[in-house]
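Visitor: Take this sequence and fold it.
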Amino acid sequence: MQYWLVKSEPFKYSWDKFNQEGRTFWDGVRNYQARNNLRAMATGDLVMWYHSNEGKEIVGIARVVKEAYQDPTTEDPNWVVVDLEPVESLKRPVTLEEIKADEPLKDIGLVRQGRLSVMGLKREEFDRILELAEK
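Guide: Residues are numbered from 1 along each chain as shown. Here you go, the predicted model:
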């Protein structure tokens, strides 16, 4: 199993809306590195959901339920989507400020490559964020 983080602006597609719908495809990725990360996702992988711009916090966990396929919003074969379903909301959102201040998370992609919309997480990073959500 691999671990990931995806970023969404809450006014465009929020964690609450995702939970109401129960499933979505992750589209709109137009960065090659982020696209390659989508292609690497496998069914069952866990994905942290980060609200960017507004909130700047990780709010929940989703699961990959369908692996990469052609992005239906474009005919360009370079772009793919994956299907996600919600697993659970974090007990407490974990803010970007907290992540930056946490020594074990100092090298996390969210800090190093802040503009990347889909990124991998190490298991230790995923687990540490869950620990912070429990505080």
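
Visitor: which residues in the chain form strands?
Guide: 3-8, 24-25, 46-51, 57-70, 80-95, 118-121 (DSSP state E).

Visitor: closest one to Asp102 among the ones you listed?
Guide: strand 80-95 (9.0 Å; C-beta to C-beta). The C-beta positions use only the backbone N, C-alpha and C, and glycine is treated the same way.

Visitor: Not counting its neighbours along the chain, what's nearest Met119?
Guide: Spatial nearest neighbour of Met119, excluding adjacent residues (C-beta to C-beta, 6 or more residues apart in numbering): Gly109 at 3.8 Å.

Visitor: Can I get the lowest-mean-pLDDT helix or strand in the chain in PDB? Just the C-alpha atoms.
Guide: Across the helices and strands of the chain, mean pLDDT, DSSP states H and E gives its lowest value to helix 109-112, namely a mean of 91. Taking Å, rounded to 0.1, in the frame of the first residue of the first chain, the C-alpha atoms of helix 109-112 are listed here in PDB:
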ATOM      1  CA  GLY A 109       6.200  17.200   0.000                       C
ATOM      2  CA  LEU A 110       3.600  19.600   1.200                       C
ATOM      3  CA  VAL A 111       6.300  21.800   2.500                       C
ATOM      4  CA  ARG A 112       9.000  21.200  -0.200                       C
END
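
Visitor: And it, what's buried?
Guide: 109-110 (16 or more other C-beta atoms under 10 Å).

Visitor: contacts for it?
Guide: Identification of contacts with helix 109-112 by C-beta atoms under 8 Å, 6 or more residues apart in numbering yields 5, 50, 96, 99-100, 105, 116, 119-121.

Visitor: distance of Leu90 from Val6?
Guide: Taking C-beta to C-beta, to the nearest Å as the measure, Leu90 falls 14 Å from Val6.

Visitor: likewise Tyr13?
Guide: Taken as C-beta to C-beta, the span from Tyr13 to Val6 is 10 Å.

Visitor: contacting residues for the nearest residue to Lys56 once chain neighbours are set aside?
Guide: Nearest-residue entry for Lys56: Leu96, 4.2 Å, with adjacent residues in sequence omitted and distances by C-beta to C-beta, 6+ apart. Shown in contact with Leu96 (C-beta under 8 Å, 6+ apart): 56-57, 110-111.
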